[in-house]
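>>> Just a sequence and a predicted model for now, questions to come.
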Amino acid sequence: MAKLQRETGRGFAVTELSGSTVTNTTAETNLFTQVIPAGKMGAVKELSFELLCMLTTPLLSLPTLTLRLKYGASVLTVSSGTALAVSQTNEPFILKGKIVNKSVNSQVVYARIEQSTASAPLVLGVSSSFKAAKWAIDTSADQTFSLTSQFSLLSGTTSISVENVTIELS
């Protein structure tokens, strides 16, 4: 994976140009990880993220896909949706959100999934397309920001890939 990292006036930005792919497994698997260095979140900064993903589904039984957004030891289940139709190939969706530091040990986080209505690869209710939570992560220590995926059914043609990631601390 090719990550481009640059310092900005209030933090940093990371762009990953080539992503990772998870195929033919029901194990929870990392799609993206980035260490947020100790102290970078300060007392009142926010981490914005956008991940462009592609989903391919099998010809037969449809799997449920669970996406988990993690920061340190806290987990936000973003979606647990079923693939909309069989035999889709590289159907896109975008995962966007923010982690907002209210203090060094207090965050508010939200994430949402955006899909085209013409080619929505996931069946999502309101509760599975938008998630929010309050976290208590110590940002004075290094913390790992990550996205994992997990399929409910095994198939050689089921895959998810992250094609592009942008995260920015401001």
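It's in. Numbering: from 1, shown residues only.

>>> how near is the residue nearest to the spatial centre of the chain to A43?
Nearest to the geometric centre of the chain sits L147, at 4.1 Å (Cα atoms, centre = their mean). The spacing between L147 and A43, counted by Cβ to Cβ, to the nearest Å, is 26 Å. Quick note: C-beta positions are derived from backbone N, CA and C, even for glycine.

>>> Give the pairing partners of the helix or strand the residue nearest to the centre of the chain falls within; include direction for each.
Element membership for L147 (DSSP states H and E) is strand 143-151. Here strand 143-151 has these sheet partners by DSSP bridges: strand 29-36 (antiparallel), strand 64-71 (antiparallel).

>>> mind putting those in CSV, distance to L55 included?
Listed next are the strands paired with strand 143-151 as CSV, based on distance: least, Cβ to Cβ, whole Å:
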stretch, distance to L55
strand 29-36, 12
strand 64-71, 7
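
>>> now these as CSV including mean pLDDT and distance to S152?
Output for the strands paired with strand 143-151, formatted as CSV (pLDDT from 0 to 100; distance: least, Cβ to Cβ, whole Å):
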stretch, mean pLDDT, distance to S152
strand 29-36, 89, 13
strand 64-71, 89, 4
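
>>> Tell me which of the ones you listed sits most buried.
Burial of the strands paired with strand 143-151 is given as mean neighbour count (mean count of other Cβ atoms under 10 Å); strand 64-71 ranks first at a mean of 20.

>>> So K40, which state does it fall into?
coil (DSSP: H, G, I helix; E, B strand; the rest coil).

>>> Verify the stated contact: it with L169.
Yes: with contact defined as Cβ atoms under 8 Å, K40 reaches L169; the gap is 5.9 Å.

>>> For this structure, just list every one of the helices.
126-129 (DSSP state H).

>>> What segments of it are strands?
For the chain, the strands defined by DSSP state E occupy 3-7, 12-16, 21-23, 29-36, 46-56, 64-71, 74-83, 91-103, 106-114, 122-123, 130-135, 143-151, 159-169.
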